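*Asks:* show me how the following folds:
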Amino acid sequence: MQPLLTELLNLEGMEVETYSNCGDHLTLVIEAKTTCSTCPRCGEESHSVHQNHWHLSRDLKISDKDVFLKYNRRQFKCKTCGKPFSESLAFIGDRKHYTDRFAELVVKDLIHGDIHNVAKKHNITDDLVGSMLEYLSKKKWKFDPSRIKRLGIDEIALKKGQKDFVVVLVDLDRNELVGVVESRTHKAIQKELESWGDQVLKQIQEVSIDLSGNYRGLIHKLMPDAEIVADRFHVSKLINDALNNARIAEKKRLQDMADEVEKKRLNDILSKSKYVLLKSPDKLNEKQEEKLILIKENFPVLGKMYEQKEAFRDIFDNYFDWTEGAFALMNWMQDAEETYKDSIGTIYRWFTEITAYFETRTTSGAVEGINNRLKLIKRLGYGFRNFDNFCLRCLICWQLDIS
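*Replies:* Residues are numbered from 1 along each chain as shown. Okay, the predicted model is just below:
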């Protein structure tokens with residue numbers, strides 16, 4: 001039976017000596033096959049066992065039963081330097097009551113769950129799950145900021161309608177989350193970025209940002225060689241929001257109409273018109289195309305703004321040269337001066353960063369998927385008592401080197 005259990009256990013260098021079946025769990029007594037260990041001080045091998053120290057630790061299930069390993073972490077006496085030392089065991093960390101592979105299983109479950117339910121699934125405590133997460137983050141962290149060449153900086157609200165904002169940092173070439181900052185202040189973001197080191201920051205070539213937080217000064221200070229690119233999708237949102245606000249204003253204006261029949265007719269046309277106005281024409285079905293025609297016929301300002309919105313999108317789709325794209329955008333701004341007045345003011349202030357897109361084509365498009373993942377983690381965040389734990393929980397989805 002012991003050879004079979006040794007094969008099932010599959011821990012290199014370890015053998016099952018005996019076992020006990022305790023109903024709901026198995027206890028396996030295991031020992032190392034080797035009779036020596038290497039001194040961590042001088043590198044010499046020692047065959048002299050000084051003391052035996054038996055421990056009990058949790059491991060992966062066998063036949064749907066919880067498994068506990070009783071193992072001997074022997075203490076050797078080095079004859080060269082005369083110092084005692086405990087042997088290093090590949091399958092478990094020092095002073096840990098769980099094997100590395102069991103911790104990996106638990107943390108992988110944590111990627112799609114919350115601490116409390118993951119703990120319940122594995123018959124362990126919430127605190128032990130947190131301990132495993134912290135342990136593996138130190139042991140198997142693969143984050144290497146020296147690889148970052150294009151960085152995305154974005155703000156997200158973790159709770160809809162609330163000012164619970166965090167700043168996310170994304171490696172745009174690998175679509176990986178590389179940092180989460182609790183505050184939107186320059187001080188907090190600077191602290192996170194500076195932790196990567198000056199050499200890393202100076203090699204970053206492009207930084208994509210939205211238009212809500214003015215991080216230009218901070219980027220110029222910390223990443224002097226980086227080109228700042230305003231994220232195209234945030235720029236488009238600026239135009240879409242202006243068009244939608246105009247649509248809402250038209251609906252409010254209709255409330256003052258005296259002719260009830262005409263009011264109802266126009267209200268019916270504007271009903272459920274948001275998608276029709278904001279989406280590109282190739283995504284509209286036949287019924288929506290008909291509604292768009294009615295909107296243009298009955299609301300000329302909205303019709304004009306719709307055409308200008310589409311022209312704006314075409315500029316960013318079709319121009320790949322900075323000079324040509326910049327002139328096309330300036331012509332558009334002149335044409336839309338009355339209809340998109342506030343938006344044009346913002347475009348003027350961000351003109352250099354917005355037009356940088358024409359040649360770099362850099363966007364934070366990947367950030368959207370990451371942001372949705374973070375919001376899900378927040379909703380599943382039961383069991384995380386502070387921001388550091390939440391941040392760690394987010395980063396394991398991309399930066400933990402486990403199979």
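*Asks:* verify the stated contact: Glu182 with Asp164.
*Replies:* No: assessed by C-beta atoms under 8 Å, Glu182 is found out of contact with Asp164, at 10.2 Å. To be clear about C-beta, it is placed using only N, CA and C from the backbone, and glycine gets the same treatment.
*Asks:* more neighbours, those two?
*Replies:* Per other C-beta atoms under 10 Å, whichever of Glu182 and Asp164 has more neighbours is Glu182, with 15 against 11.
*Asks:* grab the nearest non-local neighbour of that one.
*Replies:* Nearest residue to Glu182, sequence neighbours excluded (C-beta to C-beta, 6 or more residues apart in numbering): Phe387, at 4.7 Å.
*Asks:* if I look at the residue nearest to Gly197 when sequence neighbours are not counted, how far off is Leu278?
*Replies:* With sequence-adjacent residues excluded and distances taken as C-beta to C-beta, 6+ apart, Gly197 is closest to Pro145, at 7.3 Å. From Pro145 across to Leu278, the span is 37 Å (C-beta to C-beta, to the nearest Å).
*Asks:* next secondary structure element downstream of the worst-scoring helix or strand of the chain on mean pLDDT?
*Replies:* Every helix and strand in the chain was compared by mean pLDDT, DSSP states H and E; the lowest is helix 365-379, with a mean of 78. Per DSSP states H and E, the first helix or strand lying C-terminal to helix 365-379 is helix 387-399.
*Asks:* doesn't Leu277 fall inside a strand?
*Replies:* No: Leu277: not assigned to a strand; according to DSSP: H, G, I helix; E, B strand; the rest coil it is helix.
*Asks:* low-confidence stretches in this structure?
*Replies:* For the chain, the stretches flagged by pLDDT under 70 are 158-163, 213, 381-385, 402-403.
*Asks:* okay, now the domains of the protein?
*Replies:* Per automatic domain parsing, the structural domains of the chain span 1-97, 98-138, 145-216+365-399, 233-360.
*Asks:* for the second one, what is the distance to the chain centroid?
*Replies:* To tie it back to what came earlier, the one meant is domain 98-138. Domain 98-138 has its C-alpha centroid displaced from the chain centroid by 19 Å (C-alpha atoms, centre = their mean, to the nearest Å).
*Asks:* what is the end-to-end distance of that domain?
*Replies:* From its first residue to its last, domain 98-138 covers 16 Å (C-alpha to C-alpha, to the nearest Å).
*Asks:* can you check the first one too?
*Replies:* Domain 1-97 has an end-to-end distance of 25 Å (C-alpha to C-alpha).
*Asks:* related to what we said a few turns ago, now do the residue nearest to Gly197 against Glu15, distance only.
*Replies:* For Pro145, the distance to Glu15 (C-beta to C-beta) stands at 43 Å.
*Asks:* the more surrounded of these two?
*Replies:* Pro145 (19 against 15).
*Asks:* so that one is in contact with Val200, correct?
*Replies:* Yes: Pro145 lies in contact with Val200 (C-beta under 8 Å); the separation is 4.6 Å.
*Asks:* Pro281 - how many residues pack around it?
*Replies:* 11.
*Asks:* OK, contacts around it?
*Replies:* Pro281 makes contact with 289, 292, 310, according to C-beta atoms under 8 Å, 6 or more residues apart in numbering.
*Asks:* excluding sequence neighbours, find me the nearest residue to the second one.
*Replies:* It refers to Leu292. Val276 (5.2 Å).
*Asks:* if I look at that neighbour, how far off is Glu307?
*Replies:* 14 Å.
*Asks:* more crowded one of these two?
*Replies:* Val276 (22 against 14).
*Asks:* and that one, what does it touch?
*Replies:* Contacts for Val276 were tallied using C-beta under 8 Å, 6+ apart; they are 284, 288, 291-292, 295.
*Asks:* now restrict those to buried residues only.
*Replies:* For the contacts of Val276, a burial check counting by 16 or more other C-beta atoms under 10 Å picks out 288, 291-292, 295.
*Asks:* of those, which pair is most distant in space?
*Replies:* Gln288 and Ile295 (10.3 Å; C-beta to C-beta).
*Asks:* neighbours around Gly82, how many?
*Replies:* Gly82: 9 neighbours (other C-beta under 10 Å).
*Asks:* tell me how far it lies from Ala230.
*Replies:* 66 Å.
*Asks:* mind naming the longest helix for this protein?
*Replies:* If you go by DSSP state H, the chain has its longest helix at helix 232-254.
*Asks:* all strands for the stretch 101-250 of the chain, in order.
*Replies:* Applying DSSP state E, counting those that start in this stretch to the stretch 101-250 of the chain gives strands spanning 150-157, 165-171, 176-181, 206-209, 227-230.
*Asks:* right, so of the ones you listed, which gets closest to Lys120?
*Replies:* Smallest distance to Lys120 across those (C-beta to C-beta): 26.6 Å, for strand 176-181.
*Asks:* that closest one vs helix 387-399, what angle?
*Replies:* Interaxial angle, strand 176-181 versus helix 387-399 (axes from the mean of the first three to the mean of the last three C-alpha atoms, to 10 degrees): 170 degrees.
*Asks:* residues contacting stretch 186-198, please?
*Replies:* The contact list for stretch 186-198 (C-beta under 8 Å, 6+ apart) reads 145, 148, 153, 167, 169, 179, 181-183, 201, 215, 217-218, 222-223.
*Asks:* most neighbours among those, please name it.
*Replies:* Tallying neighbours with other C-beta under 10 Å puts Ile153 at the head of the contacts of stretch 186-198, with 24 neighbours.
*Asks:* is it true that that one touches Glu206?
*Replies:* No: assessed by C-beta under 8 Å, Ile153 is found out of contact with Glu206, at 11.2 Å.
*Asks:* any idea how far Cys22 is from Asp66?
*Replies:* Applying C-beta to C-beta to Cys22 and Asp66 gives a distance of 9 Å.
*Asks:* between these two, which is the more surrounded one?
*Replies:* Using other C-beta under 10 Å as the criterion, Cys22 and Asp66 rank with Asp66 on top: 18 against 11.
*Asks:* where does that one fall, secondary structure wise?
*Replies:* In the assignment (DSSP H and E), Asp66 maps to strand 65-72.
*Asks:* so the residue nearest to Glu182 touches Asp164, yeah?
*Replies:* No: counting by C-beta under 8 Å, Phe387 does not reach Asp164; the two are 11.0 Å apart.
*Asks:* out of the strands of the stretch 101-250 of the chain, deepest packed?
*Replies:* strand 206-209 (a mean of 24; mean count of other C-beta atoms under 10 Å).
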